[in-house]
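J.: sequence first, predicted coordinates after that:
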Amino acid sequence: MKVSRFVLTAALAALINGSSAFAHLTYGGRDFGTLVEGTAATTIATQTLSSSFGWADATDSDWGDSHRGRFFRFTLTGTTSVSITAQRNTNAAATGATGVLLPGISLFSGLGTVAPEQPGHDGSDLSIASRPGTTEGSFRALSGWSLGNDPTYNTAGDPLSGILYPARLANFTFVGYAVDGTSANFGSEPGIVGDGVADGYVNGYFADLPAGNYSVFVGGANYDAQLTETATHGSLSNAYDTYGVTVSVAAIPEPGTYALGMGAAALGAMFMRRRK
Ligand SMILES: [Ca+2]
Ligand SMILES: [Ca+2]
């Protein structure tokens with residue numbers, strides 16, 4: 001547990017903006033669409049993560065800030081097993097050092113509020129009211145959590161015009177996780193099992209997911225980086241150093257129906273990396 005940078009940032013931001021001060025949970029450019037079993041993996045390689053610690057920092061007792069990472073989404077139309085891979089890259093837009101990011105993945109069923117509703121953020125009244133007062137934010141990497149938005153007014157930005165959509169909490173139900181490396185990087189919270197090799201690559205396999213909408217959080221898994229990485233870039237949304245990551249998802253058929261086509265060696269490799 002650390003002195004809360006979140007609270008300090010919130011106070012500063014409130015002084016600057018006088019209103020909702022945080023970046024918001026959105027999926028723009030991060031929607032994998034509806035996954036179709038047996039088709040090639042879908043890859044998004046353009047995204048950067050804010051900080052190298054956002055996943056790990058959200059595993060501890062004071063939770064984390066949902067903005068220290070990225071949310072992706074996908075949809076399933078029937079029971080499906082899904083493989084999710086995160087691999088660091090050398091995105092030219094990233095401001096942080098290359099070869100440093102160790103990614104963590106958390107999978108949730110449920111979506112944040114999306115248009116035409118307002119997107120959720122850690123600083124909304126509902127978010128603050130829904131969590132203990134001592135946390136760094138609303139996000140939890142290893143359990144369910146909630147994020148609230150602000151009301152949508154009939155005329156944008158004008159509360160006097162009346163409320164079109166009331167503010168509400170969106171609930172994220174924890175499904176599972178996968179994390180690069182070991183406790184040497186993701187920290188000492190009990191029960192976390194890494195892939196054992198801190199090489200910037202991690203794969204998670206999530207079996208028999210029911211139909212529905214899913215959110216995937218990808219963030220950095222270097223817990224102690226929060227001690228040295230600071231919000232030095234001025235703009236709140238990109239205040240921290242950013243790190244490039246390539247994220248891929250694929251709907252994987254049940255092994256019994258697909259083993260001949262895929263090859264036993266490839267399947268073996270995949271299930272060796274399987275995370276619960
Ligand atoms: Ca924390
Ligand atoms: Ca790895």
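T.: Done, it's in. Being a predicted model, the structure only gives us computed values, none of them experimental. Numbering: from 1, shown residues only. Ligands and ions are numbered 1, 2, ... in the order given.
J.: CA only for contacts and neighbour counts going forward, please
T.: Will do.
J.: secondary structure element holding the residue lying closest to Arg30 once chain neighbours are set aside?
T.: For Arg30, ignoring the flanking residues on the chain, the nearest one in space by CA to CA, 6 or more residues apart in numbering is Phe72 at 4.7 Å. Counting by DSSP states H and E, the element that carries Phe72 is strand 70-76.
J.: just confirm Ala58 contacts Gly64, I think it does.
T.: Yes - between Ala58 and Gly64 there is a contact at 4.0 Å, judged by CA atoms under 8 Å.
J.: tell me, what's touching the two both at once?
T.: When contacts are counted by CA atoms under 8 Å, 6 or more residues apart in numbering, Ala58 and Gly64 have Phe139, Arg140 as shared neighbours.
J.: just the CA trace of the strand holding Phe72, in CSV.
T.: Taking Å, rounded to 0.1, in the frame of the first residue of the first chain, the C-alpha atoms of strand 70-76 are listed here in CSV:
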residue,chain,number,x,y,z
ARG,A,70,-6.4,0.0,-21.4
PHE,A,71,-9.8,-1.7,-21.7
PHE,A,72,-10.6,-3.8,-24.8
ARG,A,73,-13.9,-5.5,-25.5
PHE,A,74,-15.3,-8.5,-27.3
THR,A,75,-18.6,-10.3,-27.7
LEU,A,76,-19.5,-14.0,-27.7
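J.: so what secondary structure elements neighbour that strand?
T.: Packing contacts for strand 70-76, counted by 3 or more CA pairs under 8 Å, 6 or more residues apart in numbering; DSSP states H and E, involve strand 31-34, strand 42-50, strand 212-220.
J.: distance check, Thr85 against Pro166.
T.: Look at Thr85 and Pro166: by CA to CA, to the nearest Å, they are 36 Å apart.
J.: next one: Tyr214
T.: Distance from Tyr214 to Pro166, counting by CA to CA: 23 Å.
J.: so which of those two has more stuff around it?
T.: The neighbour comparison of Tyr214 against Pro166 (other CA atoms under 10 Å) goes to Tyr214, with 23 against 13.
J.: next, the buried residues of stretch 65-81.
T.: Across stretch 65-81, burial judged by 16 or more other CA atoms under 10 Å covers 65-76, 80-81.
J.: apologies, that question was intended for stretch 84-95.
T.: Ile84, Thr85, Ala86, Gln87, Arg88, Asn89, Thr90, Asn91, Ala94, Thr95.
J.: can you add distance to Gly200, secondary structure and pLDDT and give those residues back as CSV?
T.: Converted to CSV, the buried residues of stretch 84-95 look like this (distance: CA to CA, whole Å; DSSP: H, G, I helix; E, B strand; the rest coil; pLDDT from 0 to 100):
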residue, distance to Gly200, secondary structure, pLDDT
Ile84, 14, strand, 98
Thr85, 11, strand, 98
Ala86, 8, strand, 98
Gln87, 6, strand, 98
Arg88, 5, strand, 98
Asn89, 8, coil, 98
Thr90, 11, coil, 97
Asn91, 14, coil, 96
Ala94, 15, coil, 96
Thr95, 17, coil, 94
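J.: where does Asp224 sit: helix, strand or coil?
T.: Recorded secondary structure, Asp224: helix (DSSP: H, G, I helix; E, B strand; the rest coil).
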